[in-house]
Every structure is written in structure tokens, then in C-alpha cells.
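Student: when you get a sec, could you give me coordinates for this:
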Amino acid sequence: MKGLALVLILSGIILMALDGLEKVLIFSSFNGSVNEMQAIVDLTPSYIWSITKYTFWFGVTSFIIGLLLFFLVKTTKPFS
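Tutor: Residues are numbered from 1 along each chain as shown. Next up, the predicted model:
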């Protein structure tokens with residue numbers, strides 16, 4: 001179970017980092033000034049922003065479940 005917990009923690013970290021990369025790519029895809037953040041948010045369709053939100057929250061959920069598994073599951077030694 002500790003292995004599964006580590007996999008969930010790692011996948012949560014990767015998904016949260018992927019969310020940041022997605023937002024950077026959205027902002028860099030528009031030519032012009034990035035200072036106009038509201039204009040970029042208005043020009044981007046809402047389903048694109050929801051993809052980044054789902055990625056982030058799925059990463060947070062995976063990370064928290066991994067932490068819970070890692071710290072709450074008792075370690076048993078096989079063949080003892």
C-alpha cells in the first residue's frame with residue numbers, strides 16, 4: 001500500500017504542475033501584452049479554463065489521498 005501511496009503522491013504533484021504549464025501555454029498562445037489578463041481570460045473559452053481547473057483539483061485530490069494512505073496504513077512485513 002505504501003507503493004500505491006507514493007504513486008498517488010507523485011501523480012498529484014505531476015498533475016498540479018501540469019495545470020500550471022497549461023495556464024502558461026494559454027497565456028503565451030496570445031500575441032500581445034500579457035498584462036491584459038482579463039482580456040485573455042475573456043478571449044479563452046470557458047471549457048479550456050475548466051480543463052485546467054479539473055486538472056488542478058484532481059491533482060490535489062490524488063495528492064491528499066496519497067498522503068492519507070502513506071501515513072494511515074500500517075506497514076506489515078511479509079513472511080514474518
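Student: rest of the way, CA atoms for contacts and neighbours
Tutor: Will do.
Student: pull the distance from stretch 8-22 to the chain's centre.
Tutor: Remark: stretch 8-22 is offset 4 Å from the chain centroid, using CA atoms, centre = their mean, to the nearest Å.
Student: can you list the buried residues in that stretch?
Tutor: Of the residues in stretch 8-22, L8, I9, S11, G12, I13, L15, M16, L18, D19, E22 count as buried by neighbour count, 16 or more other CA atoms under 10 Å.
Student: give the next helix or strand downstream of the helix or strand containing the third one.
Tutor: Going back to what we said before, that points to S11. For S11, the host element (DSSP states H and E) is helix 2-29. Downstream of helix 2-29, the first helix or strand assigned by DSSP H and E is helix 37-43.
Student: residues touching the residue sitting nearest the centre point of the chain, list them.
Tutor: Note on the chain: the residue nearest the mean C-alpha position is M16, at 2.3 Å, using CA atoms, centre = their mean. When the contact criterion is CA atoms under 8 Å, 6 or more residues apart in numbering, the partners of M16 are T55, F56, W57, G59, V60.
Student: and F71, how far is that from I65?
Tutor: As for F71, its distance to I65 is 10 Å (criterion: CA to CA, to the nearest Å).
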